[in-house]
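J.: Make a model of this:
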Amino acid sequence: MGSEPEEKAGSLLERLRGEIFPMLEEAVSGSNVFFSNPHIIECWKALDCKSADCRLYGNGSGPLRCWQVADTYCNRKTRGSLAQKYNECRDCKVFKDSRPTIVEEIGEHFNNMIYLLNEQKQKNLGHKEQIENLRKELSSVLEELSSKKKEIREIMITDKLTTLFNRQHLITVLEDEIARCQRYGRPLAVMLIDIDEFKSFNDAYGHQAGDNMLSFVGSLIKENTRKFDRAFRYGGEEFVVVLPETDLTMAYIVAERIRRGFEIIPSYVIRKESVSDENISQTISIGITATFAYGTQDISIEELINQTENALHKAKDKGGNMCIRYE
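T.: Down below sits the predicted model:
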């Protein structure tokens, strides 16, 4: 029969094997484990504490590990978190009484370690959530900026009255289309449209009527061209249409369709000196040019525009209301 110290040591060893070692193994495997300790006491009762400002004072939920509770009031002083007050808590009667043997001591040290790890994990999760929220906010702001940038660009390249592209954007488009023609040897057509006698119309019926007519021409051009064709207000009552993958014959057919569409639709306007509507018919003239497939190497923007202007002048010289091809 062994001595009493040997029996106590043997008992403690058995408890270590039965309670502590399995717990450590579970912790290593990633399980959420906790040492259960029946010696935890209510600190405010054990110390006969009268600090009503303490978070644990009068707590009726049962014994709690006061050293793990942040901002407790001990010795007339508010304590911080476990990491901040641990050195002081180790010397406290409540903490000492909670670990009467080496088993409880190891168990409580283990609990404190797990508590701190979980606390850090929660902080990390909080930081991750904050980072994710910031990322979402940043993404939303960038999307909004991208959308605003697109809107601003549309405004910058669009003629407000006709909703066609403006003259400044024409240069960019022609540069791109000529480069594509030169690279792939494909045809490109350009037409210049002008409203006949527009100044006289403006003088007789006013600028509002003139603006309405310009807007109508813009709509008419859109209705009679393809999605990948581009139409521009060139200046005043002149319009340019760029038609990729289009030869001179096809461009002429499109131009005639636009000319006839404008001619057959009457405009109801009021003359400045009158109060009654007048049914009038206006006409347009169109000059057309096109590059030839595999013959675009020496084509320039200036040359294309000059060719359409020359063709348009011929149409005007012949009385207007016609389409003339540059040949």
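
J.: Quick one: distance of the helix or strand containing V217 to the chain centre.
T.: Assessed by DSSP states H and E, V217 sits inside helix 207-223. Between the centre of helix 207-223 and the centre of its chain there are 35 Å (CA atoms, centre = their mean, to the nearest Å).

J.: And for that helix, what's in contact with it?
T.: With contacts defined as CB atoms under 8 Å, 6 or more residues apart in numbering, helix 207-223 is touched by 159, 161-164, 193, 195, 198, 201-202, 231, 233, 237, 239, 241, 258, 261-262, 265, 267, 269-270, 282, 284. Where you see a C-beta, it was placed from the backbone N, CA and C, and this is true even at glycine.

J.: V190 belongs to a strand?
T.: Yes: assigned with DSSP: H, G, I helix; E, B strand; the rest coil, V190 falls within a strand.

J.: where's the nearest residue to it once chain neighbours are set aside, which helix or strand?
T.: In space, and not counting its chain neighbours, V190 is closest to L304: 5.0 Å by CB to CB, 6 or more residues apart in numbering. Taking DSSP H and E as the definition, one finds L304 inside helix 301-317.

J.: repeat for I288
T.: Using DSSP H and E, I288 sits within strand 284-290.

J.: picking that back up, partner strands of the next helix or strand after the helix holding L304, parallel or antiparallel?
T.: Following the chain from helix 301-317 toward its C-terminal end, the next helix or strand by DSSP H and E is strand 323-325. Looking at strand 323-325 with DSSP bridges, its partner strands are strand 284-290 (parallel).

J.: on that earlier part again, filter the contacts of helix 207-223 down to the buried ones.
T.: Among those, those scoring as buried are 159, 162, 164, 193, 195, 198, 201-202, 231, 233, 237, 239, 241, 258, 261-262, 267, 269, 282, 284 (criterion: 16 or more other CB atoms under 10 Å).

J.: what is the mean pLDDT for the helix holding V217?
T.: Taken as a whole, helix 207-223 has a mean pLDDT of 92.

J.: do stretch 316-327 as well
T.: 94.

J.: for that stretch, which positions count as buried?
T.: By neighbour count with 16+ other CB under 10 Å, stretch 316-327 contains the buried residues K316, N321, M322, C323, I324, R325, Y326.

J.: Wait, the last one touches T289, no?
T.: It refers to Y326. Yes: with contacts defined as CB atoms under 8 Å, Y326 counts as touching T289 at a distance of 4.1 Å.

J.: any common contacting residues for those two?
T.: Q307, T308, A311.

J.: which residues touch the last one?
T.: With contacts defined as CB under 8 Å, 6+ apart, A311 is in contact with L192, G287, I288, T289, I324, R325, Y326.

J.: swap the cut-off to 7 Å and go again
T.: G287, I288, T289, I324, R325, Y326 (CB atoms under 7 Å, 6 or more residues apart in numbering).

J.: separation between it and N59?
T.: 96 Å (CB to CB, to the nearest Å).

J.: Also the first one?
T.: As for Q307, its distance to N59 is 93 Å (criterion: CB to CB).

J.: which one of those two has more residues nearby?
T.: Counted by other CB atoms under 10 Å, Q307 and N59 do not tie: Q307 has more neighbours, with 21 against 16.

J.: so the more buried one makes contact with T289?
T.: Yes: with contact defined as CB atoms under 7 Å, Q307 reaches T289; the gap is 3.8 Å.

J.: Between these two, which contacts overlap?
T.: With CB under 7 Å, 6+ apart, Q307 and T289 have common neighbours Y326.

J.: farthest pair in the buried residues of stretch 316-327?
T.: N321 and Y326 (18.3 Å; CB to CB).

J.: Which neighbouring elements make contact with the helix or strand hosting L134?
T.: Taking DSSP H and E as the definition, L134 sits inside helix 102-157. For helix 102-157, the elements it packs on are helix 4-15, helix 82-89, judged by 3 or more CB pairs under 7 Å, 6 or more residues apart in numbering; DSSP states H and E.

J.: Lovely, talk soon.
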